[in-house]
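Enquirer: The following block contains a protein sequence and its predicted model.
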Amino acid sequence: TTIGKDLTQRTRQLEDYIVDPRSFICVDSLLDSLIALTYDSEGLKKTKNFDTFFSKFNGPTRDIRERRINFDDFEPIKIIGRGAFGTVDLVRRKTSGQVYAMKTLSKFEMLKRSDSAFFWEERNIMAFSNSDWIVKLHYAFQDAKNLYMIMDYMPGGDLITLLERYEISESSARFYCAEVVLALDAIHNLGYIHRDIKPDNMLLDARGHLKLADFGTCVKMDKDGLVRSDTAVGTPDYISPEILKSQSTIGVYGREVDWWSVGVFLYEMLLGETPFYAESLVGTYHKIMNHRENLAFPEEIPLSTEARSLICAFLTDRSIRLGKNGVGEVKAHPFFTNHTEWTWETIRKASVPIVPSLASDEDTTNFNEIENTDGSPEETFSVSKTFVGNQLSFIGFSFSNEQQPFLDRRSMSTFNNLNNS
Ligand SMILES: CN(C)[C@H]1CCc2nc(NC(=O)c3cccc([C@H]4CCCN4C(=O)Nc4cccc(C#N)c4)c3)sc2C1
């Protein structure tokens with residue numbers, strides 16, 4: 001507590017919070033708050049309190065918006081992906097010429113479906129993981145309508161597109177599966193379960209090495225490594241039986257749900273389709289719930305005993321699923337140990353199965369074409385008569401890893417104090 005602490009120390013503690021990018025009262029969060037208030041009070045000019053606030057702060061917050069990194073700093077080049085609440089576009093930063101992937105999430109869609117909390121894990125994992133296996137977040141910013149994430153562009157494209165275009169040999173499958181195992185271990189070591197591991201979320205950089213992207217379904221494990229959740233997440237084909245069950249009851253599960261999805265991914269790479277594919281959603285659910293009877297291997301496709309053994313070790317009941325006792329037992333499986341091309345420590349420097357062919361830094365040929373929406377007019381917030389606080393859920397989202405200016409000035413001041421002391 002601050003009892004008895006003198007004001008200088010209390011001010012120093014406050015400064016520490018304000019310059020820490022992980023703190024909810026960091027500079028970016030405080031600036032978000034003022035801007036959110038001006039957005040939310042814009043429609044309330046009839047009410048004196050809001051009118052006074054708006055007329056006082058609209059100018060200053062416009063100055064803030066213009067000086068922070070924002071949408072106009074980037075030139076859109078091409079849409080490269082689409083998700084439930086928005087798109088990902090290849091963009092180029094005007095000042096540096098550097099290309100990035102920019103994800104746009106619609107605030108209106110999120111508020112309409114009261115689904116405006118999932119993006120925090122994605123933002124924090126990509127901003128702070130500092131891992132080669134995870135797509136890096138360079139900036140996050142927002143305006144009245146959208147959230148924006150400026151991330152690494154991955155010109156090698158996603159593995160779904162790669163699987164559509166190439167036959168995958170067992171040694172190539174071993175390489176990609178191994179890189180997924182290491183990427184997943186990085187996520188688990190950060191304390192998260194991914195819950196939607198699938199080739200759509202596996203992207204290749206310019207050298208052909210893998211990174212995970214799209215962390216909207218990630219959830220923090222509790223102290224005993226478990227998650228209690230009733231929301232069924234994930235894509236049917238890759239979803240584990242225990243998550244399916246959690247739809248009806250409050251499910252309790254651990255990181256082993258992700259190892260199940262790795263089994264589905266490995267099966268798909270080697271056998272050309274997912275193991276529990278069915279025409280209908282409910283058909284797939286049924287096959288997954290009865291996976292003991294439904295897991296089959298087409299006779300005509302050659303498959304090594306090690307590959308088959310690893311797939312069966314993942315696509316089994318969670319109580320005996322490989323990976324339950326940690327990533328070590330996955331790495332030690334014969335499918336990974338009987339070869340010489342790479343070691344677990346050197347794989348990210350090893351040669352890759354497919355080197356992406358890139359004509360320029362804005363080459364998007366390794367992504368499938370995305371049809372533009374029919375230009376359906378974007379729905380927007382109705383101007384409300386009362387303060388509904390639409391913007392409150394998004395305060396603290398903005399992030400810039402160039403927080404330095406504030407830090408430097410502060411540490412410089414400390415430095416000067418030291419000098420004068
Ligand atoms: C139901 N609730 C609880 C939530 C569960 C989780 C969740 N995730 C969402 N997510 C989205 O709405 C969304 C928007 C754009 C792209 C993408 C992905 C899917 C297609 C590609 N993509 C993606 O993130 N690509 C990406 C990412 C990073 C770098 C590069 C590159 N190069 C590309 C997802 S909406 C939503 C609802």
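Expert: Yep, it's here.

Enquirer: Give me the helices and strands touching the particular helix or strand that has E66 in it, please.
Expert: In the assignment (DSSP states H and E), E66 maps to helix 48-67. Under the contact criterion of 3 or more C-beta pairs under 8 Å, 6 or more residues apart in numbering; DSSP states H and E, helix 48-67 touches helix 27-41. For glycine as for every other residue, the C-beta is placed from the backbone atoms N, C-alpha and C.

Enquirer: Which strand or helix spans the residue of the stretch 151-300 of the chain found nearest the ligand?
Expert: When scored by C-beta to the nearest ligand atom, the stretch 151-300 of the chain has G216 as its residue closest to the ligand, at 2.8 Å. According to DSSP H and E, G216 maps onto no helix or strand at all.

Enquirer: can you pull the pLDDT of it?
Expert: On pLDDT, G216 comes in at 93.

Enquirer: give the contact list for it.
Expert: Shown in contact with G216 (C-beta atoms under 8 Å, 6 or more residues apart in numbering): G83, F118, F119, E121, E122, D196.

Enquirer: So the third one versus the ligand, what's the distance?
Expert: Spelled out, it's F119. According to C-beta to the nearest ligand atom, to the nearest Å, F119 and the ligand sit 7 Å apart.

Enquirer: Quick check: the gap between the nearest residue to A359 once chain neighbours are set aside and V88.
Expert: Excluding its sequence neighbours, the residue lying closest to A359 (C-beta to C-beta, 6 or more residues apart in numbering) is T365, at 7.6 Å. Distance, T365 to V88, using C-beta to C-beta, to the nearest Å: 16 Å.

Enquirer: So between those two, which is more surrounded?
Expert: Remark: of T365 and V88, V88 carries more neighbours, 21 against 13, as counted by other C-beta atoms under 10 Å.

Enquirer: That one: what's it in contact with?
Expert: For V88, the contacting residues are I79, I80, G81, R82, A101, M102, K103, T104, by C-beta under 8 Å, 6+ apart.

Enquirer: Tell me, what's the model's pLDDT at the closest residue to the third one other than its chain neighbours?
Expert: I take that to be G81. Computed as C-beta to C-beta, 6+ apart, the closest residue to G81 that is not its neighbour in sequence is V88, at 3.8 Å. If you check V88, the pLDDT there is 98.

Enquirer: ok, R22 - how many residues close by?
Expert: Per other C-beta under 10 Å, the neighbour tally for R22 reads 10.

Enquirer: what kind of secondary structure is I77 in?
Expert: Under DSSP: H, G, I helix; E, B strand; the rest coil, I77 falls in the strand class.

Enquirer: got any ranges where the stretch 51-200 of the chain has weak pLDDT?
Expert: Within the stretch 51-200 of the chain, no range satisfies pLDDT under 70.

Enquirer: which residues sit in contact with the closest residue to the ligand within it?
Expert: Residue nearest to the ligand within the stretch 51-200 of the chain: G83 (2.1 Å; C-beta to the nearest ligand atom). Shown in contact with G83 (C-beta under 8 Å, 6+ apart): D214, G216.
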